[in-house]
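[1] Sharing a model that was predicted from the sequence below.
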Amino acid sequence: AESKVKTAVENSLKWKKKMEKSSTKFDEEHVKVQTNTQMKLDKLKVIHKEQLTKIKQKAAEKLQATIEKSKETLEKERVKCKETVEKEKIKRKETVEKERLKQKESKKRKSAVVDDIGYDGDSDK
């Protein structure tokens, strides 16, 4: 009976050592997997951050290009309006000048007609 107990104790100790060894091996594997997973996650975070930065940069460049294009368009419109206003001023000036010349010419004709008739403005005399 003693040898059976002794054998059982020895077997129990062997099994315990085997389980501890297996547990240690499992823990080491677990740590290794966790470390690899964390490294992959960190790498993905870096890649994501880089991609996000590129996307932001492209968006900023597009926005800047749009702003520049809008500025150019606005400047062209401003120049067009200025030219139109200048043309209108010139037209108005020419029209006013023509009208003034017409009135002057009309006065000359009236004056010439009055001179021909001999009208002096005092018809009562």
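    Yep, that arrived.

[2] Let me know the average pLDDT across the helix or strand D27 falls within.
    Using DSSP states H and E, D27 maps to helix 2-117. In this model, helix 2-117 has a mean pLDDT of 91.

[3] Return the distance of it from the chain's centre.
    5 Å (Cα atoms, centre = their mean, to the nearest Å).

[4] Can we start the residue count at 27 from this point?
    Shifting the count to begin at 27 puts that one at helix 28-143.

[5] Now for the residue nearest to the spatial centre of the chain: which residues touch it?
    Among the residues of the chain, the one closest to the centroid is L89, at 2.4 Å (Cα atoms, centre = their mean). If a contact means Cβ atoms under 8 Å, 6 or more residues apart in numbering, then L89 has no contacts. No exception for glycine: its C-beta is placed from N, CA and C like everyone else's.

[6] For burial, what's the neighbour tally of K113?
    For K113, the count of nearby residues is 10 (other Cβ atoms under 10 Å).

[7] let me fix that: S132
    Other residues within reach of S132 by the criterion other Cβ under 10 Å amount to 10.

[8] Show me what stretch 107-119 is in contact with.
    By Cβ under 8 Å, 6+ apart, no surrounding residue is in contact with stretch 107-119.

[9] Show me which residues of that stretch are buried.
    When burial is assessed from 16 or more other Cβ atoms under 10 Å, stretch 107-119 yields no buried residues.

[10] Same question for stretch 67-87.
    So stretch 67-87, judged by 16+ other Cβ under 10 Å, has zero buried residues.

[11] Alpha carbons of that stretch, in PDB - could you do that?
    In PDB, the C-alpha atoms belonging to stretch 67-87 read as follows (Å, rounded to 0.1, in the frame of the first residue of the first chain):
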ATOM      1  CA  LEU A  67      -2.000  47.600 -33.800                       C
ATOM      2  CA  ASP A  68       0.700  50.200 -33.300                       C
ATOM      3  CA  LYS A  69       1.800  49.800 -36.900                       C
ATOM      4  CA  LEU A  70      -1.800  50.100 -38.100                       C
ATOM      5  CA  LYS A  71      -2.200  53.300 -36.000                       C
ATOM      6  CA  VAL A  72       0.900  54.800 -37.600                       C
ATOM      7  CA  ILE A  73      -0.300  53.900 -41.100                       C
ATOM      8  CA  HIS A  74      -3.800  55.300 -40.300                       C
ATOM      9  CA  LYS A  75      -2.300  58.500 -39.000                       C
ATOM     10  CA  GLU A  76      -0.100  58.900 -42.100                       C
ATOM     11  CA  GLN A  77      -3.100  58.200 -44.400                       C
ATOM     12  CA  LEU A  78      -5.200  60.700 -42.500                       C
ATOM     13  CA  THR A  79      -2.400  63.300 -42.700                       C
ATOM     14  CA  LYS A  80      -2.200  62.700 -46.500                       C
ATOM     15  CA  ILE A  81      -6.000  63.000 -46.900                       C
ATOM     16  CA  LYS A  82      -6.000  66.300 -44.800                       C
ATOM     17  CA  GLN A  83      -3.100  67.600 -46.900                       C
ATOM     18  CA  LYS A  84      -4.800  66.800 -50.200                       C
ATOM     19  CA  ALA A  85      -8.000  68.400 -48.900                       C
ATOM     20  CA  ALA A  86      -6.100  71.500 -47.900                       C
ATOM     21  CA  GLU A  87      -4.400  71.700 -51.300                       C
END
